[in-house]
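Trainee: got a predicted structure here, sequence first:
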Amino acid sequence: MSNSLFSIIGSALNAQDQRMSAISSNLANASSVAAPGQQPYRAHELVFQAQPVVGDASGGGSDGTADDASLGVQVVGTVQSNAPPTRKYDPGSPYADSSGYVTSSNVSPVEEMVNMIDSSNSYSASVAMLQQAGRIDQQMISSFQVA
């Protein structure tokens, strides 16, 4: 089994792990409020990009050419959500502005939970692929063993 397969799976696992960290941070700040004059927490999303994965020592895929290179995934950055912050009328709050409104994060807990489930499913699928690739490797090794 090519090392590039394991590199691709590893890059997917790493990307989903980082995505889960961003989601966790968003959920942790979902109910945060901003003091008057301050900016509230804004949800963060990761930006993924395809990344060539070196399959062998020659620097490419099965025959070492760049055209034959496999693609994994990498995180290239984060972007903040453009959704407007939530405003709630609560004149008794110490965080209320002069109009009595409290400004809080633009994180949607429901949306983040959906993202968390999606990320978890993607991670699980990558783990299943890794396990299957390992079983195939073991079967190939067993088939070439002399009794």
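Mentor: Cool, got the structure.
Trainee: only C-alpha atoms for contact and neighbour calcs from this point on.
Mentor: OK.
Trainee: quick one: low-confidence ranges for this protein?
Mentor: Counting by pLDDT under 70, the chain has low-confidence residues at 1-2, 55-68, 147.
Trainee: go again with 90.
Mentor: Flagging of the chain using pLDDT under 90 yields the residue ranges 1-5, 37, 53-70, 137, 140-147.
Trainee: for residue 102, phi and psi?
Mentor: phi -110, psi 130 (degrees, to the nearest 10).
Trainee: and the closest residue to it other than its chain neighbours, what does it touch?
Mentor: Nearest residue to residue 102, sequence neighbours excluded (CA to CA, 6 or more residues apart in numbering): residue 96, at 4.5 Å. Residue 96 makes contacts with 35, 36, 89, 90, 102, 103, as judged by CA atoms under 8 Å, 6 or more residues apart in numbering.
Trainee: if you set the cut-off to 7 Å instead, what comes out?
Mentor: By CA atoms under 7 Å, 6 or more residues apart in numbering, the contact set of residue 96 is 36, 90, 102.
Trainee: and what of residue 104?
Mentor: Residue 104 makes contact with 31, 32, 33, 34, 40, 85, 86, 87 under the criterion CA under 7 Å, 6+ apart.
Trainee: pull the number of nearby residues for the residue nearest to it when sequence neighbours are not counted.
Mentor: Once flanking residues are discounted, residue 104 sits nearest to residue 33: 4.1 Å by CA to CA, 6+ apart. Neighbourhood size, residue 33 [other CA atoms under 10 Å]: 21.
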